[in-house]
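Visitor: after the sequence you'll find the predicted model.
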Amino acid sequence: MGIFSRLSDIINSNINSLLDKAEDPEKMIRMVIQEMEETLVEVRSTSARIIADKKELVRRNAKLEKQADEWQDKAELALSKDRDDLAKAALLEKSSINEVIELVKEDMQKLDDSLDKLSKEIEQLQAKLNDARARQKTILMRHKATSSRKTVNTQLNSPSIDDAINKFDYYEKKIEVMESEIEASTLGNKGINAEFEALENEGKIDKELEELKSKLKEKK
């Protein structure tokens, strides 16, 4: 069974509602358009058959009216010859034909009503199909964008992402500790070097002090 069981179902359907409820809007919109196209072909084919039937009834009606006119002429001819019996028989034949003509006209009216209804439904269906085709690209783009957002949101809320971030934090802290140890080690080396430099400077000052004392003694 197709998406729509009757033409009125399609005309009265709400495409947006169908898409909102669909698990796969992209697939659904293609199926909707395909169903509309197939239904449109079927309805137009039905209209063509009705038009053909109407033409046949028109031809039959014309033939019957000609026969009725012929019996009318025969009745007049019989009366002109004082043959009332033949005139009466001719009028009976004409009456029978007129009854058939009335039935044919009723059938033609029914076909006209069906064609009018189908014509309006075809117009509505074509408009709905044009609208669906025009919106198909936009709907598919929205569906793809929504799917992408859903995928990203799923990944962001994934436990594996949290685990990865926790690992990054762990390694970052570990690196910071290592950097601190290296800086501390470097500071220790600088402290020893500073002590040696202080000793060397102290020796130089003592030497300068002795030299200064010697100069003062010489002046005395």
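Guide: Ah, there it is.

Visitor: just the element for the closest residue in space to residue 44 that isn't next to it in sequence, please.
Guide: The spatially closest residue to residue 44, leaving aside those adjacent along the chain, is residue 122, at 6.6 Å (CB to CB, 6 or more residues apart in numbering). (Each C-beta comes from the backbone N, C-alpha and C, glycine too.) Under the criterion of DSSP states H and E, residue 122 resides in helix 84-156.

Visitor: and that helix, what does it pack against?
Guide: helix 7-12, helix 15-21, helix 25-80 (3 or more CB pairs under 8 Å, 6 or more residues apart in numbering; DSSP states H and E).

Visitor: how is this structure divided into domains?
Guide: 7-157, 159-220 (automatic domain parsing).

Visitor: I'd like the average pLDDT over the longest one.
Guide: It stands for domain 7-157. The average of the pLDDT scores along domain 7-157 is 82.

Visitor: change the start of the numbering to 6 and stick with it
Guide: Noted, 6 is the first residue going forward, which turns the last one into domain 12-162.

Visitor: before we move on, the earlier item: mind checking how far the residue nearest to residue 49 is from residue 57?
Guide: In this view, residue 127 and residue 57 are 17 Å apart by CB to CB, to the nearest Å.

Visitor: neighbour-wise, which of these two wins?
Guide: Looking at residue 127 and residue 57 with other CB atoms under 10 Å, you find the greater number of neighbours at residue 127, namely 18 against 10.

Visitor: how about that one, what does it touch?
Guide: With contact taken as CB atoms under 8 Å, 6 or more residues apart in numbering, residue 127 is in contact with 45, 48-49, 52.

Visitor: list buried members of the residues you listed by neighbour count.
Guide: 45, 48, 52 (16 or more other CB atoms under 10 Å).

Visitor: what sits against the last one?
Guide: Same thing as residue 52. Per CB under 8 Å, 6+ apart, neighbours of residue 52: 120, 123-124, 127.

Visitor: burial measure for residue 66, as a count.
Guide: 17.

Visitor: now it: how far from residue 35?
Guide: 46 Å.

Visitor: then residue 146?
Guide: When distance is defined by CB to CB, residue 146 is 14 Å away from residue 35.

Visitor: so the two - more neighbours on which side?
Guide: Counted by other CB under 10 Å, residue 146 and residue 35 do not tie: residue 35 has more neighbours, with 14 against 10.

Visitor: just to revisit the earlier point, distance to residue 74 added to the buried ones among the contacts of residue 127, as CSV?
Guide: Below are the buried ones among the contacts of residue 127 laid out as CSV (distance: CB to CB, whole Å):
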residue, distance to residue 74
45, 43
48, 39
52, 33
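
Visitor: stretch 77-97: which residues count as buried?
Guide: Neighbour-count burial for stretch 77-97 [16+ other CB under 10 Å]: 79-80, 83, 92, 95-96.

Visitor: check stretch 112-128 too.
Guide: Buried residues in stretch 112-128 (16+ other CB under 10 Å): 113, 116, 123, 126-127.
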